[in-house]
Every structure is written in structure tokens, then in C-alpha cells.
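**Q** Take a look and give me a structure for this.
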Amino acid sequence: MQKLLYAVVFFILSAAAHSDERCFDYKKGKAILKELEGMVEYTLCAEPLPAERVRSGINAVLPRVMNKAFLGVDPPDNWQAMVNEVQQTCLKDHGNLCSDAAQREVEACVSAQLPALILFWAPWFAEHCEAINKAVILNWKQKKPQVQQWINAFKQQAIN
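**A** Modelled structure (predicted):
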């Protein structure tokens, strides 16, 4: 999971490079990603996590994140199609996505798709970087409990 979160950092930095100026504090963003990594590993990987249930959990929880209320801006129009493509391609029928072997396979698959993901997300992120920074990065103390609730809901969705 750690490599996947670092891929997210790379994506954000690549997207921010398209912006006229640096719109968020890299150190704060990196610290938030470390917190997220800990929350995900601790909450979701305490038990085996089947890929089939992860897909279902993603479809239930991700719309709560990908909206104007959370992000401060509307998400890109086709974000769900892009997420579905990554799920179908990278989340094979692993019995436990928390196993090292499954994580390596998923990370390699997502890494292979990273150029397309950057091309899709970078212009949107660059355009809305300041609003996202204001809504998410600078308000992380208020957003964090909400995100933890979603991770807990994701776990319930994934294990039931």
C-alpha cells in the first residue's frame, strides 16, 4: 500500500507542475498521505481483504469523497469511468489484497496506468488545486474524522 500512496504523491506533484504556482504545501500533503496510509493499513488490513469486496466498497464509498462538498470543486466528468477501468484492470480476484504478493501486483498494474491517470487528472487538478487545498489540505483536521468514518464504512462493506 505504501508504494501505491507514493504513486499518489507523484501524481499530485505531476499535476501541480501544470499549475502556474505551487498551490499547496507539499509537506502537509505528504503528512496527510502518511496518515491515510496508517489509517488504511490499520483499519483495512487487520483481516484478509478480498478484491471482490474491495470493488464493492470502492463503489459505495468513493462517491462520498468525489464531490464538491468534500473536494471544494466538482470532480472531473468521467472520474467514475477512470476508477472503474483501474478496478477492472488491477483488482483481480485476489483472496487478500493486503498480502504482499497481491499488493505488488496491484501496485505494478496501477504504476503501468500512471501516465494515463496523470493525463486524465492533471489538468483538472491544476485548474482546481487552490480550491482543493483550501477544502481538503487546510481543513484536514475537520476532514480526517469523516475520512476515518468512510474507511470504517468501507471495511464493513468489504467484510460483510
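**Q** What segments of this structure are strands?
**A** Using DSSP state E, the chain contains no strands.
**Q** mind checking how far residue 42 is from residue 56?
**A** 21 Å (C-beta to C-beta, to the nearest Å). Backbone N, C-alpha and C define where each C-beta goes, glycine included.
**Q** Compare these two and say which is more crowded by neighbours.
**A** residue 56 (15 against 10; other C-beta atoms under 10 Å).
**Q** And the pLDDT for that one?
**A** Per-residue confidence at residue 56 stands at 83 (pLDDT).
**Q** Can you point out the buried residues in the longest helix seen in the chain?
**A** With secondary structure taken from DSSP state H, the chain has its longest helix at helix 100-132. Using 16 or more other C-beta atoms under 10 Å as the test for burial, helix 100-132 gives 102-103, 105-107, 110, 113, 117-118, 120-122, 124-126, 128-129, 132.
**Q** now that helix: how far from the chain's centre is it?
**A** In terms of C-alpha atoms, centre = their mean, to the nearest Å, the centre of helix 100-132 is set 9 Å apart from its chain centre.
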